[in-house]
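*Asks:* got a structure for you, letters missing:
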Ligand SMILES: OC1C(O)[C@H](O)[C@@H](O)[C@H](O)[C@@H]1O
Ligand SMILES: [Fe+2]
Ligand SMILES: [Fe+2]
């Protein structure tokens, strides 16, 4: 057949080109994962060296997280219905968000959720903890539900209503937050009683607090799982030991759970990306075990 030879050669050439691209891709990927595998724990959360995107994010967050804003956000949360959907649908919906506060990953959120869950599973931890890892950042959906920006969704959290701790990252950026000049809100205890317990303090509004409130009555996760969700961004507390004057003995048990969760959330960011479709059936089974088919978000 005329043309067949030529077509065959063109086909071979195309295949060679595709092979070349694939070799190149895998070289890039291997060198990346080799590099990432070598990324030791001191290489994460290096905020002083972070890019402007991260620094600007925190400047904005620290200016705007006031007591007044936090009360407003909570009233709004209670008075609105945002969406009704299942957990996997929520995971897929979140996938468009790239977190501006994060110096350690620019992967999509579905990748981060699966990497966290998989790291927990690899370590032989219980199913409730794996599924907690899978959903822990779903609160970032707030960004798609009319948040004011990313500053009221992502990033580390801290207590509002008392003096801003110097254990918060970029502690100097609170100068433009009006609460820094309020005589009550800027005092050591602020609006709180000594050792009143974390249940009674107001943490800066964002994805942790939001998701905790969504899931506390719509899941069968144990208290430890809910605490992992609620406090995973509260680094000034779980990593820096700040706020001991506000916590109660009851919070110690919670602290243990939150600390157990943290390495999976943070260090799995350098793991190789997961095969979403391959993992989906496994996690859908776990989702069905701990959540109703449809939730109010
Ligand atoms: O929980 C966190 C957190 O504390 C971060 O530092 C961060 O950049 C992410 O937004 C996040 O999900
Ligand atoms: Fe988070
Ligand atoms: Fe996370």
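*Replies:* Thanks, I have the structure now. Values in this document were obtained by computation on a predicted structure and should not be read as measured data. Residues are numbered from 1 along each chain as shown. Ligands and ions are numbered 1, 2, ... in the order given.
*Asks:* and the closest residue to ligand 3 within the stretch 51-200 of the chain, how many neighbours?
*Replies:* Residue nearest to ligand 3 within the stretch 51-200 of the chain (Cβ to the ion): residue 137, separated by 4.4 Å. Yep, even glycine has a C-beta here, placed from its N, CA and C like the rest. Here the number of neighbours of residue 137 (other Cβ atoms under 10 Å) works out to 25.
*Asks:* that one and residue 269, how far apart?
*Replies:* 12 Å (Cβ to Cβ, to the nearest Å).
*Asks:* how far away from the center of its chain is stretch 166-176?
*Replies:* Distance, stretch centre to chain centre, for stretch 166-176: 21 Å (Cα atoms, centre = their mean, to the nearest Å).
*Asks:* buried residues in it?
*Replies:* Of all the residues in stretch 166-176, those buried under the rule 16 or more other Cβ atoms under 10 Å are 168, 169, 170, 173, 174.
*Asks:* biggest separation within those, which pair?
*Replies:* 169 and 174 (11.2 Å; Cβ to Cβ).
*Asks:* return the nearest residue of the stretch 151-297 of the chain with respect to ligand 3.
*Replies:* residue 265 (4.4 Å).
*Asks:* which bits of this protein sit near ligand 1?
*Replies:* Those residues of the chain that sit near ligand 1, judged by Cβ under 6 Å from any ligand atom, are 99, 101, 102, 137, 154, 155, 156, 232, 233, 235.
*Asks:* can you add distance to residue 192 and give the residues you listed back as CSV?
*Replies:* Converted to CSV, the residues of the chain next to ligand 1 look like this (distance: Cβ to Cβ, whole Å):
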residue, distance to residue 192
99, 30
101, 26
102, 30
137, 28
154, 25
155, 22
156, 20
232, 22
233, 20
235, 20
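*Asks:* which residues touch the residue nearest the centre of the chain?
*Replies:* The residue lying closest to the centre of the chain (Cα atoms, centre = their mean) is residue 137, at 4.1 Å. Applying Cβ atoms under 8 Å, 6 or more residues apart in numbering to residue 137 gives the contacts 94, 109, 112, 113, 207, 211.
*Asks:* so what's the residue count around the second one?
*Replies:* It refers to residue 109. Neighbours around residue 109, by other Cβ under 10 Å: 21.
*Asks:* number of nearby residues for the nearest residue to it once chain neighbours are set aside?
*Replies:* Leaving aside its sequence neighbours, residue 109 sits nearest to residue 94 (Cβ to Cβ, 6 or more residues apart in numbering; 4.6 Å). Look at residue 94: counted by other Cβ under 10 Å, it has 22 neighbours.
*Asks:* local confidence estimate at residue 105?
*Replies:* Looking at residue 105, its pLDDT reads 89.
*Asks:* name the nearest residue to it, sequence neighbours excluded.
*Replies:* residue 269 (4.2 Å).
*Asks:* wait, residue 105 touches residue 112, no?
*Replies:* Yes - using Cβ atoms under 8 Å, residue 105 makes contact with residue 112 at a distance of 6.0 Å.
*Asks:* so for the two, which residue has more residues nearby?
*Replies:* The neighbour comparison of residue 105 against residue 112 (other Cβ under 10 Å) goes to residue 112, with 25 against 17.
*Asks:* right, and the helix or strand after the host helix or strand of that one?
*Replies:* Here residue 112 sits within helix 109-122, counting by DSSP states H and E. The helix or strand immediately downstream of helix 109-122 is helix 127-135, counting by DSSP H and E.
*Asks:* mind listing what's buried in that next one?
*Replies:* Buried, per 16+ other Cβ under 10 Å, within helix 127-135: 128, 129, 130, 131, 132, 133, 134, 135.
*Asks:* wait, the third one touches residue 120, no?
*Replies:* This points to residue 130. Yes - using Cβ under 8 Å, residue 130 makes contact with residue 120 at a distance of 4.9 Å.
*Asks:* can you get me a residue count around residue 114?
*Replies:* Burial of residue 114 is recorded as 25 neighbouring residues (other Cβ under 10 Å).
*Asks:* in contact with the nearest residue to it once chain neighbours are set aside, which residues?
*Replies:* Leaving aside its sequence neighbours, residue 114 sits nearest to residue 274 (Cβ to Cβ, 6+ apart; 4.1 Å). Listed by Cβ under 8 Å, 6+ apart, the contact partners of residue 274 are 111, 114, 115, 118.
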